[in-house]
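Undergrad: Starting from these lines, generate the structure:
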Amino acid sequence: MPKIIGGSLHEHREQTRLRLFGALARLMAERGFDAVTLAEIAAEAGVGRTAVYNHFTDKESLLVGFITHETELFVADLRAALAGLEDPTERLRAYVRQQVQLTREYHLAPGPELRSVLSRETQARVREHVVMVERILRDVLAEGIASGAFPDQDLDVTVPLVNACLSGRGVPAQDGPERRRAVAETEAFVLRAVGAAPALVPA
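TA: Presented below is the predicted three-dimensional model:
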C-alpha cells in the first residue's frame, strides 16, 4: 500500500497534487511543456506513475490543474490587494502591481508556445482562467468609468489590451531602483492608456 503523505487521505491527495504541480513547474522551466513526459513529472515529484492517474488523466489535465491552482492563488492575492481601496486609480495601480509581480511558468517556459502544443479543448480551459483575472480588471475599470475617474470606453477592447501589455512587460526580478522605476513607468503607462486624469498619474 502506498505511503500516505500527511495526516489524512484528503491531505495526502492535496500534498500529492502540490508535489506534481511543483515538479511540472520546475521541468517546464528547464525544458518546456512539450519536452516533458508524465513519467518524468511523477519521478521529479517522488510520486508513483500509476498514482498520477488517480488525480489527472494525462499531461494536459495536469497542466490545467496547475494553472487552476495558480490562478486561484493569484485571484485571492489580487482581491486582498484591492480590498479597502476605494479610489479607482489606486485600485488600477494595485491591479498593475499584482500583475507585474506574477510569474507564469507556463508562459515563460522554453520551447513552443502552449497554444501550438495543446488541444483546442485544453486551450479553451486555459483561457477560462485568463477570463477570471480579466473580469476583475473589467470591474475596476467599469467602476472608474462610472465615477468619472476614467472616460467612457469599450472594455471589450481595453481589458485585453491592458492585460496583453502587462503579461508581456519585462520587469527586473531583483528589487532595487531599476525595478521600482519599471513598475512606476508601467503603472503610469496603463493609467494614461485608460485615460486617467493627468494629475493622478505619477510624474
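Undergrad: Let me know whether D77 touches Q98 as I believe.
TA: Yes: the criterion here is C-beta atoms under 8 Å, and D77 meets it with Q98 at 6.5 Å. Yep, even glycine has a C-beta here, placed from its N, CA and C like the rest.
Undergrad: who's more crowded, the two?
TA: Shown here are D77 and Q98; by other C-beta atoms under 10 Å, Q98 has more neighbours (20 against 13).
Undergrad: Which positions in the helix or strand hosting that one come out as buried?
TA: Applying DSSP states H and E as the criterion places Q98 in helix 88-101. By 16 or more other C-beta atoms under 10 Å, the buried positions in helix 88-101 come out as 88-89, 91-100.
Undergrad: can you redo the residues you listed as JSON lines with distance to R181?
TA: As requested, the buried residues of helix 88-101 are exported to JSON lines (distance: C-beta to C-beta, whole Å):
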{"residue": "P88", "distance to R181": "24"}
{"residue": "T89", "distance to R181": "19"}
{"residue": "R91", "distance to R181": "22"}
{"residue": "L92", "distance to R181": "19"}
{"residue": "R93", "distance to R181": "15"}
{"residue": "A94", "distance to R181": "18"}
{"residue": "Y95", "distance to R181": "19"}
{"residue": "V96", "distance to R181": "14"}
{"residue": "R97", "distance to R181": "14"}
{"residue": "Q98", "distance to R181": "18"}
{"residue": "Q99", "distance to R181": "17"}
{"residue": "V100", "distance to R181": "12"}
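Undergrad: which ones are touching M132?
TA: Applying C-beta atoms under 8 Å, 6 or more residues apart in numbering to M132 gives the contacts 71, 75.
Undergrad: Compute the inter-axis angle for the strand or helix carrying it and helix 88-101.
TA: According to DSSP H and E, M132 maps onto helix 120-147. Per axes from the mean of the first three to the mean of the last three C-alpha atoms, to 10 degrees, the angle that helix 120-147 makes with helix 88-101 is 150 degrees.
Undergrad: Run through who's touching whichever helix or strand comes after helix 120-147.
TA: Following helix 120-147 in sequence order, the next helix or strand is helix 155-167 (DSSP H and E). Helix 155-167 is contacted by residues 96, 99-100, 104, 107, 130, 133-134, 137-138, 141-142, 186, 189-190, 193-194 when judged by C-beta under 8 Å, 6+ apart.
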